[in-house]
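Undergrad: what follows is a predicted structure for the sequence shown.
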Amino acid sequence: MNRARAAESAESAESDMLVFKAIGKRYADGTQALSDVSLRVPAGQFCVLLGASGAGKSTLLRLVNGLDIATQGTVDVDGVRVQGSSLARIRPRVAMIHQQFNLVTRASVERNVLNGLLPTLPLWRALAALFPLPARRRACELIAAVGLGEEHLRRRVAELSGGQQQRVGIARAFMLDPAVVLADEPVASLDPRTSREIMTLLRSQSRQHAATVLCSLHQIDLAREFADRIVALRDGQVVFDGTPAAFDDASAVAIYAGSAPLQGPRPRPRLIAEAA
């Protein structure tokens, strides 16, 4: 029996793309952003982080690609510990989609998508914008896959709508065929209809490329619709971890203190804080 359990545990560990163990993060000004956060995100899962501003969602995302370093605990990406010596290996496998798009607005759509290759290019080639022909072909394919036409290739990003700019951001994210995609409030500045289109696109592209997605959101309805799993944070701690169907209105009120309950009854799960 012990051997069987050990084998099952080893198999589970092998399938985990992201592993956060007892994570704590305190900033220099004394802010405790995360406290004792432990999570395992299986390969291929679309995991949504919910929580109010300041709950720790963005900090958790930034720990994956080393933009922030935990003051306590460890983070592993596909079995590789995130630390200074491993960042050159990890970062090409982890793409990020930003709330404010983080595009070069004076450059063309094609150039912005090609910029997704920069982590793997020699500095001289990157500065000269010497992208190989296969890379240019892949960029064109991805631009088409996110719903932009050939007429957008040479257009400056500044001329595009917000939804179109985020489509460019998604295409850029998949240039290196990443194992992990981090999406930090990717639809926060978009209208509801465009938000749903972008989330649909992000989910379809992640499934097509077999990527694991860790996506922070404020919109509960989008989390329920698109997530395989919802992890909710409050004051830097995990207070809910379960399926979208289990995330009921009482859970939402507990996480977003002072907000009105959403409409529509759902079965009430036990919050982690209650189960402890």
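TA: Yep, that arrived.

Undergrad: and residue 33, how far is that from residue 44?
TA: Residue 33 is 28 Å from residue 44, where distance means CB to CB, to the nearest Å. Just so you know, the C-beta spots here come from the backbone N, C-alpha and C atoms, and that holds for glycine as well.

Undergrad: of those two, which one has the most company?
TA: For residue 33 versus residue 44, the count of surrounding residues by other CB atoms under 10 Å is larger for residue 33: 25 against 16.

Undergrad: just after the helix or strand encompassing that one, pick out the following helix or strand.
TA: Assigned by DSSP states H and E, residue 33 belongs to strand 32-42. Reading on from strand 32-42 to the C-terminus, the next helix or strand found by DSSP H and E is strand 46-50.

Undergrad: compute the inter-axis angle for that next one and strand 32-42.
TA: 160 degrees (axes from the mean of the first three to the mean of the last three CA atoms, to 10 degrees).

Undergrad: and the angle for the helix or strand following strand 46-50 with strand 32-42?
TA: Using DSSP H and E, the helix or strand that follows strand 46-50 towards the C-terminus is helix 57-64. Relative orientation of helix 57-64 versus strand 32-42 (the same axes, to 10 degrees): 60 degrees.

Undergrad: returning to what we had before: tell me the buried residues in the strand holding residue 33?
TA: Residues of strand 32-42 classed as buried: 33, 34, 35, 37, 39, 41 (neighbour count, 16 or more other CB atoms under 10 Å).

Undergrad: surely the fourth one meets residue 23?
TA: Yes. Using CB atoms under 8 Å, residue 37 is in contact with residue 23, at 4.2 Å.

Undergrad: joint contacts of these two?
TA: 60, 73 (CB atoms under 8 Å, 6 or more residues apart in numbering).

Undergrad: picking that back up, pairing partners for the strand holding residue 33, with directions?
TA: strand 16-26 (antiparallel) (DSSP bridges).

Undergrad: now do the partner strand: distance to the chain's middle.
TA: 15 Å (CA atoms, centre = their mean, to the nearest Å).

Undergrad: other residues contacting it?
TA: 13, 32-45, 56, 59-60, 63-64, 68, 70-78, 179-180, 212, 214, 236.

Undergrad: could you do stretch 167-174 as well?
TA: With contact meaning CB under 8 Å, 6+ apart, stretch 167-174 is reached by 95-98, 101-103, 109, 112-113, 115-116, 139, 142-143, 145-148, 157, 160, 181, 186, 198, 201-202, 205, 209, 211.

Undergrad: now, of the residues you listed, which are buried?
TA: Buried subset of the contacts of stretch 167-174 (neighbour count, 16+ other CB under 10 Å): 95-98, 101, 103, 109, 112-113, 115-116, 139, 142-143, 145-146, 148, 157, 160, 181, 186, 198, 201-202, 205, 209, 211.

Undergrad: these in helices, which ones?
TA: Among the buried ones among the contacts of stretch 167-174, the members found in helices (DSSP state H) are 109, 112, 113, 139, 142, 143, 145, 198, 201, 202, 205.

Undergrad: quick check: mean pLDDT of stretch 29-47?
TA: What stretch 29-47 shows for mean pLDDT is 96.

Undergrad: how long is it from one end to the other?
TA: Distance across stretch 29-47, first residue to last, is 30 Å (CA to CA, to the nearest Å).

Undergrad: can you map out the strands along the stretch 151-276 of the chain?
TA: Applying DSSP state E, counting those that start in this stretch to the stretch 151-276 of the chain gives strands spanning 180-184, 212-217, 229-234, 237-242.

Undergrad: any chance of those in TSV, plus mean pLDDT and distance to residue 120?
TA: Shown next, in TSV, are the strands of the stretch 151-276 of the chain (pLDDT from 0 to 100; distance: least, CB to CB, whole Å):
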stretch	mean pLDDT	distance to residue 120
strand 180-184	97	16
strand 212-217	97	20
strand 229-234	96	30
strand 237-242	95	34
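
Undergrad: tabulate the ones you listed in a markdown table, adding columns for distance to residue 249.
TA: Shown next, in a markdown table, are the strands of the stretch 151-276 of the chain (distance: least, CB to CB, whole Å):
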| stretch | distance to residue 249 |
| --- | --- |
| strand 180-184 | 25 |
| strand 212-217 | 17 |
| strand 229-234 | 13 |
| strand 237-242 | 12 |
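
Undergrad: right, and those - which one's nearest residue 85?
TA: strand 180-184 (18.9 Å; CB to CB).
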